[in-house]
Every structure is written in structure tokens, then in C-alpha cells.
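S.K.: I'll drop the sequence and a predicted model, then ask my questions.
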Amino acid sequence: MRVPSDGLSGSPPRLADGIIQADVAVIGGGVIGHSIAWEARRSGRTVVVIDDAPGTGASWAAAGMLAPVSELHYQEEDLLAFMLDASARWPAFAAGLAAASGADPGYITTPTLAVGADAADRRAFMDLRAVQQANGLSVDLLTVREARKREPLLSPGIACALDTPADHQVDPRLLVACLQAALAGDGTGDEGGIKSGAAGRGTPAAGAVDDYAVLARAAGLLWQDGAVAGVGLAGGGTVLAAETVVANGLHAAALEALPENLYLPLRPVHGDILRLTVPRHLQPLVTSTVRGLVHGVPVYIVPRRDGTVVIGATQREDAPSAMDAVSAGGVYRLLRDAQVLVPAVAELELLESTARARPGTPDNAPLLGRVPVAGAEAGREPGHHIAGLIIATGFFRHGVLLAPAAAAVCRELLDGHQDPRWAVFNPGRFSAKPGARTPARLLNTPPIKETA
Ligand SMILES: Cc1cc2nc3c(=O)[nH]c(=O)nc-3n(C[C@H](O)[C@H](O)[C@H](O)COP(=O)(O)OP(=O)(O)OC[C@H]3O[C@@H](n4cnc5c(N)ncnc54)[C@H](O)[C@@H]3O)c2cc1C
């Protein structure tokens with residue numbers, strides 16, 4: 001796709017003939033796209049977020065656990081470092097967002113309790129604890145009595161409890177709403193608003209809803225002189241931007257006119273999640289996030305400030321009839337296992353069952369960064385990247401946790417820097433070898449459900 005004839009003029013944002021212009025165009029309005037957009041906006045750039053259904057993807061279902069310690073997996077050291085970096089950013093990120101939006105993103109710093117139902121679950125948690133400690137992470141073994149003193153509604157029959165003080169949580173729906181409010185306002189929370197920089201910076205993007213939202217589906221990238229120059233919208237319309245960020249989760253690979261050699265191996269990993277109201281006489285059901293293992297099967301219970309809890313943990317790689325189809329077996333297992341750990345779960349009122357797919361990658365790590373041009377070695381030659389394009393997808397199980405770190409990485413890239421620690425996540429790492437041609441079908445990946 002090529003840009004319309006008037007191309008990029010460098011003039012301030014404007015709307016003419018269905019053309020919206022901004023410094024940064026973000027495709028995808030989940031936690032990742034919105035966080036990146038807000039960070040770009042805070043840097044003084046004009047931003048648009050292109051999404052026909054913002055906030056309704058994986059971010060709508062997420063439990064919002066910010067859990068780098070509990071989520072540690074073998075041989076994922078780079079990801080652990082990134083998760084810890086993100087975790088350290090959360091207090092300032094949440095505070096800045098609350099100030100900018102005037103609303104509460106539901107960030108809660110109560111600890112996480114890992115709770116096992118039987119002896120095998122206890123062994124699994126102790127093995128994990130050894131790995132966590134080897135990585136310098138703090139996890140304290142509690143007696144069952146200590147755990148129940150803290151959380152009286154835990155079952156007396158549990159086999160173990162471990163305290164993870166560093167793992168917290170946020171409410172992803174409130175988070176997205178706060179990001180939207182911040183983007184619709186002056187974006188900063190500063191009394192004076194954004195300080196203007198170059199022409200057009202620090203001003204809203206004309207033609208967008210609330211000066212930032214383009215409620216349309218992106219069809220593909222627009223190119224001019226070997227650089228990405230914006231986004232073509234499905235059904236017509238154009239967004240011209242000096243920088244385009246591809247942050248539409250699972251659907252990133254389906255965009256038209258991605259770079260020829262770029263292969264984004266995203267796969268859907270479905271998860272069911274329940275929301276329940278805790279009757280007044282049982283509140284709070286728990287104050288910590290409870291991450292359980294029940295006869296080897298994971299389940300978590302996440303308390304919210306509004307007196308509800310979220311119960312989840314299923315991971316399915318089947319091909320349901322629809323991306324948001326809830327599994328009856330998944331719901332059954334979640335309620336059954338949650339009651340083993342906290343029997344009072346049986347007395348809660350079921351508000352909602354939801355399913356969405358996490359955007360998984362082969363190494364469970366995100367696809368984040370600029371795209372090397374064919375011939376440049378991935379991640380080694382920062383000067384040799386396709387101009388105007390940043391990829392930010394594949395956040396799998398950790399997108400909420402990683403959002404502030406992903407936003408910081410993107411802001412650095414927009415400023416012309418690359419933190420060498422995160423070069424391992426370069427989005428070209430699964431692509432064809434430099435110089436090889438990517439098969440045409442990869443440029444038009446079929447709908448995700450067919451790839452499962
Ligand atoms: C059940 C479940 C529980 C989870 N729990 C946690 C948790 O506790 N902690 C955690 O950190 N993570 C968790 N996750 C993972 C987390 O939800 C994801 O990693 C994160 O939401 C990914 O965010 P995203 O913005 O990349 O994608 P999404 O939220 O999926 O957003 C992508 C957006 O792109 C839009 N889009 C798609 N195609 C186009 C197009 N062509 N043009 C324009 N827009 C488009 C969609 O409408 C959507 O709004 C969970 C996920 C699930 C499913």
C-alpha cells in the first residue's frame with residue numbers, strides 16, 4: 001500500500017479528505033497500544049489509537065496480576081528481567097495515570113499467596129521456590145496457621161502457603177479506561193499540559209474522536225520511499241504518521257503490507273475467566289491474590305476493591321467456535337478448584353464468564369522493537385531498521401504487567417534509542433534469514449482461528 005498523493009507534509013495534524021495525521025499512529029487499543037500511546041503523548045507527540053473495538057481483546061479478560069516472581073518459568077531469564085523492570089515501573093505508572101486521568105486504575109499492592117492443595121502441589125511450589133531464590137527472588141514459606149491468620153477463609157486442608165510480597169495486581173478494565181481518559185485529556189496530569197515541541201507536537205490529532213481515537217479497523221501499512229508512512233483503514237480513510245506502532249495483539253500478522261521478511265508467529269492461547277460478587281458477610285473473601293495448585297492444576301483468585309473477585313487460570317490451545325467462546329469444562333474446573341482452596345467460593349454470585357485468547361509466541365516473549373531491514377543482522381545494527389515502524393505484540397500471559405515497560409521501550413525507540421537489554425525481543429527473530437524472501441502467504445496470514 002502506498003500513501004495517497006499528498007503524502008507526509010510535516011505540517012500540523014489536520015483532517016482533509018479522510019486523512020488524519022499524527023506523529024504516532026498506534027494500531028490496536030488494548031493495554032499495550034493504549035500504554036504506548038499515552039507514553040508517546042507524554043513525550044509531547046500527537047498520537048492516534050486505531051481500533052474499531054478498543055479494550056475488548058485479551059485486555060478485557062485479563063486478571064491483571066502483576067506477578068514477575070510467581071510467573072517465573074525455567075529458561076526465561078530475559079523475560080524475567082523485563083518483567084522485573086516492568087514491575088518496578090508500576091508504582092510511578094499507576095500514580096501518573098491516576099493524576100492524568102483523575103481516576104483510579106485499581107492498582108493494589110497486597111501480596112500474592114501461593115497455595116497448594118496436596119503434597120505434590122507443595123513439592124511443585126517448593127521446586128519453583130528454589131528456582132525463584134536462585135534468581136534472587138523473595139518467596140517466604142508460611143505455616144498453614146500463619147496463612148489462615150492472614151486469610152481466614154482459606155481451607156484448613158491446604159498443604160502449603162508461600163508469601164510473595166512483590167507480586168501485585170491492577171484492574172485491566174479500569175486501567176484501559178484511565179488510559180483512555182488520560183489520552184482524551186491533556187495526557188500528562190501536569191497543570192500546564194504538554195509542553196509543545198516541534199510543530200504539531202503536544203496538540204491533539206485533528207479528526208480523531210476525543211482527539212486521539214480512530215474507531216476503525218486498520219487494513220495495512222502505508223509505505224513511502226522504503227519507510228512506513230502510516231496506516232490504511234478498512235473501508236477507506238488514511239492515517240499518516242511519522243511512526244506507526246503495530247500493537248493489535250493476535251491480529252498483527254494479518255495486517256497487509258507488513259515488511260516482506262517479517263514473520264510474526266502469533267498463536268492464540270485461550271483462557272476462561274470468571275467474575276463473582278462476594279456477599280457482604282464474606283467480604284473480603286481474600287485480601288491477597290491467591291495463586292493455587294490443586295492436584296497439579298493452576299487456579300487463581302484475585303480480589304478487587306469493589307468487592308468482586310476474579311477466578312481464572314485455564315490455558316487452552318484448541319480451536320473454539322469463536323475467539324470469545326467460554327469452555328463449560330473450563331468454568332467447571334475453575335469453580336471446583338477455587339472451592340478446594342477457599343470453600344466460601346461456593347457462596348459467591350457469578351457475575352460473568354468471559355474467554356479471550358492471549359497472543360502467544362514460540363518463546364513466550366514479546367515481539368517488541370524495530371524491524372531490521374533485509375541484510376542487517378537482527379538486533380545488532382540499530383541503524384539499519386525500517387524507518388517509521390515499531391512492532392509491539394506477543395505479550396502472551398504478561399501484557400498487563402509488561403505494559404509500562406513496553407511503553408518505555410517504545411518511547412526510547414521513538415527518541416532514537418534502543419536499550420540493549422531488550423534487543424533480544426526484536427520482532428524479526430523468527431523471520432526468514434536476511435535476504436531470503438518471505439512466502440507471500442505470510443504477508444496475508446489467514447484469520448487466527450485457522451492457525452490454531
Ligand atoms: C484469561 C486471561 C487472563 C490474563 N491474565 C493476565 C494477568 O493476570 N496479567 C497479565 O499481565 N496478563 C494477563 N493476560 C494477558 C494479557 O491479557 C495480554 O497479554 C494483553 O491483554 C495483551 O494486550 P494487547 O494490547 O497486546 O492485546 P489486546 O488486548 O488483545 O488488544 C488488541 C486490540 O487490537 C485490536 N485490533 C485487532 N486487529 C485490529 C486491526 N486490524 N485494526 C485495529 N485494531 C485491531 C483489537 O480490537 C484489540 O482491542 C491474560 C489474558 C487472558 C486471556
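M.R.: Happy to help now that I have it.
S.K.: what about residue 25, is that helix, strand or coil?
M.R.: Here residue 25 takes the strand state, with states given by DSSP: H, G, I helix; E, B strand; the rest coil.
S.K.: can you pull the contacts of the closest residue to it other than its chain neighbours?
M.R.: Of all residues not flanking residue 25 in the chain, residue 241 sits nearest, at 3.6 Å (C-beta to C-beta, 6 or more residues apart in numbering). All C-beta spots, glycine's among them, are computed from the backbone N, C-alpha and C. Applying C-beta atoms under 8 Å, 6 or more residues apart in numbering to residue 241 gives the contacts 21, 22, 23, 24, 25, 48, 229, 230, 231, 388.
S.K.: so where is the protein shaky, pLDDT-wise?
M.R.: Across the chain, the ranges flagged by pLDDT under 70 are 1-17, 186-206, 375-383, 432-452.
S.K.: name the element the one residue sitting closest to the centre of it belongs to?
M.R.: In the chain, the centroid-proximal residue (C-alpha atoms, centre = their mean) is residue 399; its distance is 2.4 Å. In the assignment (DSSP states H and E), residue 399 maps to helix 399-414.
S.K.: go on, residue 337?
M.R.: When elements are assigned from DSSP H and E, residue 337 belongs to helix 328-341.
S.K.: for that helix, name the packing helices and strands.
M.R.: Helices and strands touching helix 328-341, by 3 or more C-beta pairs under 8 Å, 6 or more residues apart in numbering; DSSP states H and E, are strand 267-277, strand 289-294, strand 297-303, strand 308-312.
S.K.: one step back: so the residue nearest to the centre of the chain makes contact with residue 57?
M.R.: No - between residue 399 and residue 57 there is no contact under C-beta atoms under 8 Å: 9.4 Å.
S.K.: residue 79 touches residue 394, doesn't it?
M.R.: No - taking C-beta under 8 Å as the definition, residue 79 is not a contact partner of residue 394, at 11.1 Å.
S.K.: overlap in contacts, these two.
M.R.: In contact with both residue 79 and residue 394: residue 365, using C-beta under 8 Å, 6+ apart.
S.K.: more neighbours, these two?
M.R.: residue 394 (29 against 22; other C-beta atoms under 10 Å).
S.K.: distance of that one from residue 104?
M.R.: Distance, residue 394 to residue 104, using C-beta to C-beta, to the nearest Å: 29 Å.
S.K.: near the ligand, which residues of the stretch 51-200 of the chain? Just list them.
M.R.: 51, 53-59, 61-65 (C-beta under 6 Å from any ligand atom).
S.K.: from those residues, which would you call buried?
M.R.: Among those, the ones that count as buried by 16 or more other C-beta atoms under 10 Å are 51, 54, 55, 57, 58, 59, 61, 62, 63, 64, 65.
S.K.: let me know the closest of those residues to the ligand.
M.R.: Taking C-beta to the nearest ligand atom as the measure, the ligand sits nearest to residue 57 out of those, at 2.3 Å.
S.K.: ok, the closest residue to the closest one other than its chain neighbours - contacts?
M.R.: The shortest distance from residue 57 to any non-neighbouring residue, by C-beta to C-beta, 6+ apart, is to residue 30 (4.7 Å). Going by C-beta under 8 Å, 6+ apart, residue 30 touches 51, 54, 55, 57, 58, 59, 176, 247, 248, 249, 399.
S.K.: go again using 6 Å as the cut-off
M.R.: 57, 59, 249 (C-beta atoms under 6 Å, 6 or more residues apart in numbering).
S.K.: could I get the full set of helices for the stretch 1-150 of the chain?
M.R.: Residue ranges of the helices in the stretch 1-150 of the chain, as given by DSSP state H, counting those that start in this stretch, are 31-42, 58-61, 77-101, 119-134, 144-150.
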